[in-house]
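1. After the sequence you'll find the predicted model.
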Amino acid sequence: MGKSILLINGPNLNLLGTREPHVYGHTTLSDVELSSCEVAASHGAVLDSFQSNHEGAIVDRIQAARGKVDGIIINPGAYTHTSVAIRDALLSVGIPFIELHVSNVHAREPWRHHSYFSDKAAGIIVGLGVYGYKVAVEHVCVNFEEKEKEA
Ligand SMILES: O=C(O)[C@]1(O)C=C(c2cccc(Sc3ccccc3)c2)[C@@H](O)[C@H](O)C1
């Protein structure tokens, strides 16, 4: 069957590539999602993408992945620094996840240096631009365990 991966992008990342290219680059989120899908497929895995500007919708999508997904790659955007709810959802479903940030949050404003996710992440990719998504997908494909899926 192959591994199943869920890629989640948080608020404002639907605008990726359209503004502040000096920080986030020119690649659009659609480009990122398509290339991530292609990288997963090259490893015999399937990747589903989800983007929302709404915290509860992200929580709902994580809950829906329980028993169906081997790994989550999440760029929580601004929710990185605020969302206990998304942290709790990730912990409640017991799916290992990679936390990803396009920018180097540790070289930006001090309030971006704290994440509600990092201490529980299987890995953290920061500051590699959108290339980080390729690295994350490759890592999940090669290193995460494939689980028995719920019907
Ligand atoms: O670097 C990231 O990927 C990050 O997760 C992404 C963020 C972010 C914030 C606002 C907008 C965007 S994407 C964007 C950037 C410029 C214009 C439009 C959208 C990302 C930040 O909130 C986080 O602190 C860092």
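-> Perfect, thanks for sending it. All figures in this text were calculated on a predicted structure; none of them were measured in a lab. Residues are numbered from 1 along each chain as shown.
2. quick one: the strands in this protein?
-> All strands of the chain, identified by DSSP state E, fall at 4-9, 46-51, 71-75, 97-101, 123-126.
3. who touches stretch 11-28?
-> Residues external to stretch 11-28 that are found in contact with it (Cβ atoms under 8 Å, 6 or more residues apart in numbering): 9, 29, 31-32, 51-54, 75, 77-79, 102-103, 129-130. From N, CA and C alone the C-beta is placed, and that goes for glycine too.
4. does any part of that stretch sit near the ligand?
-> Yes: Stretch 11-28 is in contact with the ligand by Cβ under 6 Å from any ligand atom, via 12, 13, 15, 16, 18, 19, 20, 24.
5. Could you report the distance from the second one to residue 82?
-> Read that as residue 13. Distance of residue 13 to residue 82, computed by Cβ to Cβ, to the nearest Å: 15 Å.
6. The protein against the ligand: which residues are in contact?
-> Proximity of the chain to the ligand, by Cβ under 6 Å from any ligand atom, involves residues 12-13, 15-16, 18-20, 24, 75, 77-78, 80, 101-103, 105, 112.
7. in the helix or strand of the chain with the lowest mean pLDDT, what counts as buried?
-> Counting by mean pLDDT, DSSP states H and E, the chain has its least confident helix or strand at helix 21-24, which shows a mean of 81. By 16 or more other Cβ atoms under 10 Å, the buried positions in helix 21-24 come out as residue 24.
8. same check, this time on stretch 16-31
-> In terms of neighbour count (16+ other Cβ under 10 Å), stretch 16-31 has its buried residues at 16, 17, 24, 25, 27, 29.
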